[in-house]
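Colleague: any chance you could fold what I've pasted below:
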Amino acid sequence: MPNSPDALPLLTSVDPAGRVRRVVGLIMIVGAGLLLFPNLGHTALWDDEAITAITSVNVWNTGDTGVRFGHNLVLYRNGLLLGDTPADRYTSPLQFYLTAPFVGWLGPTALAARLPFALCGLLTVVVLVRWMFKARAGATLSVLLMLATLGNVSLFLFARTCRYYALVTLLALVVVYFYMHFDRRRRSLVGLIVASLLLLSSNYLSFVTVWLCISLDYLIWGRRSIRVTLRDVLLFITTHLVVGLMLVRVWNPLGKDPAVFGAHDWLVNRILLFGWSLRDLSRAEFVVLPLLALALLVITLSLLFITLARPLVPLLPALAARVTWFARWRDNALIVRGLVALFAFVALTALLSPQDMRGANEADLRYLTPVLPLGIALGAGVVQMLGFNRLFPCLLIGVVAFFTNTCHTLGLSSTGLRSTVALYVRELLHPLPEPYTPTIDWVRAHVGFGQSVRVVPAHMMYPLMFHAPEAVYAWQLTEPVKSTLATLPDVHFAGRVAPDFLIAFGPSDADMTSASSPVSSILHRYDRVQTLNVYYDDLYRPELIWRTFLPLPVTHPDTDAIYIYQRLR
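Modeller: Just a heads-up that it's a prediction; the model follows:
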């Protein structure tokens with residue numbers, strides 16, 4: 001197989017296609033901007049976004065990842081993320097420090113909170129274009145990369161989210177870029193170290209899995225072309241130990257209660273999660289998995305065919321063309337190395353993922369966003385091979401593969417056959433209604449400063465907390481709690497003080513009447529004062545498997561809407 005990074009098909013084409021690359025690169029960057037920024041702040045932040053934004057406001061005001069927001073506190077899952085101080089001491093911090101100046105200078109709005117991550121998404125496309133130019137990609141492959149990039153809706157949805165996803169995707173791509181082009185110059189080494197340290201401070205899991213995949217690639221292929229000195233290795237290890245220990249001393253990923261991960265049947269759960277991850281990567285259109293499976297099959301057959309047929313070529317010259325065609329698949333370093341990296345990353349993520357498996361039946365795709373650029377490159381490379389590197393057949397295959405879900409789901413998805421890109425563009429032009437904005441408007445209009453509000457389910461309070469902070473959001477804690485939280489005001493503890501208002505999203509309204517609900521014993525003291533006739537669920541998250549591009553009506557007024565109660569005087 002080719003040993004040099006410059007031998008990758010993404011990096012191999014030698015035809016003089018500079019003009020095509022320039023046009024394609026411009027279309028990719030402009031197109032990405034058009035798919036990233038329109039109506040970026042139109043919808044309210046959903047729960048994880050709101051927690052990120054609130055923590056970022058604290059960073060701007062205090063320099064630390066505190067959880068206090070005016071007279072409110074973010075006590076997510078009974079204070080799960082807190083250490084000995086009222087601050088997030090579990091989550092990798094770079095996302096908060098990146099967002100802080102935006103919410104500080106522009107104000108605490110959805111647009112300000114999402115803007116830095118949308119810029120990271122745009123920079124991801126810029127790096128892909130830079131790699132395409134450095135590789136001198138041919139005209140056909142350049143066009144396929146453009147189609148695969150602009151057709152990858154998940155890339156843009158995750159980049160439009162106020163969370164670490166786009167940041168990690170960008171930094172993982174930059175780390176791999178410096179690794180693949182490592183030339184022992186100081187600039188190359190410094191770039192690799194800086195990008196790697198930033199990745200470490202963005203998400204510990206992604207840092208570990210990216211470097212384990214790079215190590216595997218280096219052992220199989222990279223060591224033949226990438227030369228590193230002992231000095232390079234020592235400098236890399238020293239900087240990472242120093243910075244890593246400083247980070248972990250404050251933001252300790254092992255400080256979280258391991259019970260939430262579900263230790264029971266650990267190995268079975270990890271194998272199950274690996275299968276879910278592969279399935280959901282295709283369902284969410286991260287990668288065109290059936291095409292990659294076809295490529296893997298062809299490569300396997302190539303090895304067998306070449307082994308068996310090569311001795312017969314002198315006797316049967318007609319076999320020579322077939323051997324050559326199969327050899328191209330076997331020697332296609334982008335596809336071979338890319339497939340190994342993809343499956344290794346998914347397997348390692350499933351092995352190390354903090355996902356709580358209790359009651360789950362889908363993978364948390366947020367941990368797999370670093371493979372989005374790899375999926376784009378692999379898809380383009382496979383289509384190039386299937387289309388024999390001829391522009392017209394490659395265009396036909398590429399449009400179907402990247403602009404519809406035909407090849408992702410083979411028509412077996414519950415969504416049916418569709419063009420996700422077309423639905424996404426329509427949503428950008430005509431945003432769908434969501435449950436938080438009308439609820440926030442109601443709270444702003446009817447809840448006085450300092451009045452308490454209980455929200456069920458609890459995670460749906462954080463968008464309200466960020467956008468309507470005048471209220472006090474109550475009952476986040478259920479006893480027993482950590483000793484550091486025991487002295488907080490009674491309003492934060494379930495059952496101690498009756499809130500002024502109750503807000504129930506969807507079926508949670510009925511759940512409040514169950515004996516297990518802490519609200520059930522006092523519900524008779526409340527009167528329903530408003531029903532917001534909007535579908536209750538936040539179906540605009542970035543994961544395509546949890547998202548809808550069509551407005552859902554309130555078909556069952558008793559379970560599908562948003563219900564607001566006020567305490568009787």
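
Colleague: just the CA coordinates of stretch 114-123, formatted as PDB?
Modeller: In PDB, the C-alpha atoms belonging to stretch 114-123 read as follows (Å, rounded to 0.1, in the frame of the first residue of the first chain):
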ATOM      1  CA  ARG A 114     -24.300  29.600  18.900                       C
ATOM      2  CA  LEU A 115     -22.100  31.900  16.800                       C
ATOM      3  CA  PRO A 116     -18.600  30.600  17.900                       C
ATOM      4  CA  PHE A 117     -19.600  27.100  17.100                       C
ATOM      5  CA  ALA A 118     -21.000  28.000  13.700                       C
ATOM      6  CA  LEU A 119     -17.700  29.700  13.000                       C
ATOM      7  CA  CYS A 120     -15.900  26.400  14.000                       C
ATOM      8  CA  GLY A 121     -18.100  24.600  11.500                       C
ATOM      9  CA  LEU A 122     -17.100  27.100   8.800                       C
ATOM     10  CA  LEU A 123     -13.400  26.600   9.700                       C
END
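
Colleague: select the longest helix from the protein.
Modeller: Longest helix in the chain by number of residues (criterion: DSSP state H): helix 110-135.

Colleague: show me what that one is packed up against.
Modeller: Using 3 or more C-beta pairs under 8 Å, 6 or more residues apart in numbering; DSSP states H and E as the contact test, the elements touching helix 110-135 are helix 18-36, helix 47-62, helix 94-105, helix 139-150, helix 153-159, helix 165-180, helix 372-386. Every residue, glycine included, has its C-beta placed from N, CA and C.

Colleague: in that helix, what's buried?
Modeller: 110-125, 127-129, 131-132, 135 (16 or more other C-beta atoms under 10 Å).

Colleague: ok, now stretch 391-399?
Modeller: Quick answer for stretch 391-399 (16+ other C-beta under 10 Å): 394, 395, 397, 398.

Colleague: output the helices and strands packed on helix 110-135 in JSON lines, with mean pLDDT, mean neighbour count and distance to residue 209 appended to each entry.
Modeller: Below are those laid out as JSON lines (pLDDT from 0 to 100; neighbours: other C-beta atoms under 10 Å; distance: least, C-beta to C-beta, whole Å):
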{"stretch": "helix 18-36", "mean pLDDT": "95", "mean neighbour count": "17", "distance to residue 209": "25"}
{"stretch": "helix 47-62", "mean pLDDT": "97", "mean neighbour count": "23", "distance to residue 209": "20"}
{"stretch": "helix 94-105", "mean pLDDT": "98", "mean neighbour count": "20", "distance to residue 209": "17"}
{"stretch": "helix 139-150", "mean pLDDT": "96", "mean neighbour count": "26", "distance to residue 209": "23"}
{"stretch": "helix 153-159", "mean pLDDT": "98", "mean neighbour count": "27", "distance to residue 209": "17"}
{"stretch": "helix 165-180", "mean pLDDT": "97", "mean neighbour count": "25", "distance to residue 209": "9"}
{"stretch": "helix 372-386", "mean pLDDT": "94", "mean neighbour count": "26", "distance to residue 209": "12"}
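
Colleague: in a markdown table: those, plus distance to residue 203.
Modeller: Listed next are the helices and strands packed on helix 110-135 as a markdown table, based on distance: least, C-beta to C-beta, whole Å:
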| stretch | distance to residue 203 |
| --- | --- |
| helix 18-36 | 21 |
| helix 47-62 | 13 |
| helix 94-105 | 8 |
| helix 139-150 | 23 |
| helix 153-159 | 13 |
| helix 165-180 | 5 |
| helix 372-386 | 14 |
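
Colleague: can you say which of these is nearest to residue 452?
Modeller: Closest to residue 452 of those, according to C-beta to C-beta: helix 47-62, at 18.0 Å.

Colleague: contacts for the closest one?
Modeller: 45, 64-69, 74, 76, 87-88, 91, 95-97, 99-104, 108, 110, 113-114, 161-164, 459-460, 462-463, 465-467, 538 (C-beta atoms under 8 Å, 6 or more residues apart in numbering).

Colleague: partner strands of whichever helix or strand comes after it, with direction?
Modeller: Next along the chain after helix 47-62, taking DSSP states H and E as the criterion, comes strand 68-69. Here strand 68-69 is paired, per DSSP bridges, with strand 72-73 (antiparallel).

Colleague: avg pLDDT for the partner strand?
Modeller: In this model, strand 72-73 has a mean pLDDT of 96.

Colleague: ok so, going back, tell me which of the helices and strands packed on helix 110-135 sits nearest to residue 188.
Modeller: Of all these, helix 165-180 sits nearest to residue 188, with 6.2 Å by C-beta to C-beta.

Colleague: which parts of the following helix or strand past that closest one are buried?
Modeller: Sequence order places helix 186-202 as the next helix or strand after helix 165-180, per DSSP H and E. Neighbour counts over helix 186-202 (16+ other C-beta under 10 Å) mark 189, 191, 192, 193, 195, 196, 197, 198, 199, 200, 201, 202 as buried.

Colleague: now, which of those residues sits nearest residue 218?
Modeller: Of all the buried residues of helix 186-202, residue 218 sits closest to residue 192, with 12.6 Å by C-beta to C-beta.

Colleague: I figured residue 170 was touching residue 118, is that so?
Modeller: No: contact criterion C-beta atoms under 8 Å: residue 170 and residue 118 do not qualify, at 11.3 Å.

Colleague: just the pLDDT for the residue lying closest to residue 448 once chain neighbours are set aside.
Modeller: Leaving out its chain neighbours, the residue that sits closest to residue 448 by C-beta to C-beta, 6 or more residues apart in numbering is residue 470, at 7.4 Å. In this model, residue 470 is scored at 96, pLDDT.

Colleague: and if you look at residue 515?
Modeller: Confidence score, pLDDT, at residue 515: 80.

Colleague: same question for residue 263.
Modeller: Here the pLDDT value assigned to residue 263 is 53.

Colleague: got it, and residue 426?
Modeller: With respect to pLDDT, residue 426 scores 96.

Colleague: quick check: closest non-adjacent residue to it.
Modeller: Using C-beta to C-beta, 6+ apart, the nearest residue to residue 426 is residue 549, at 7.2 Å.

Colleague: are we agreed that the one you found is in a helix?
Modeller: No: using DSSP: H, G, I helix; E, B strand; the rest coil, the assignment for residue 549 is coil, not a helix.

Colleague: these two touch, right, it and residue 425?
Modeller: No: counting by C-beta under 8 Å, residue 549 does not reach residue 425; the two are 10.0 Å apart.

Colleague: pLDDT weak spots in this structure?
Modeller: For the chain, applying pLDDT under 70 flags the ranges 1-16, 255-264, 303, 305-331, 411.

Colleague: try it again with 50
Modeller: 1-14, 258-261 (pLDDT under 50).
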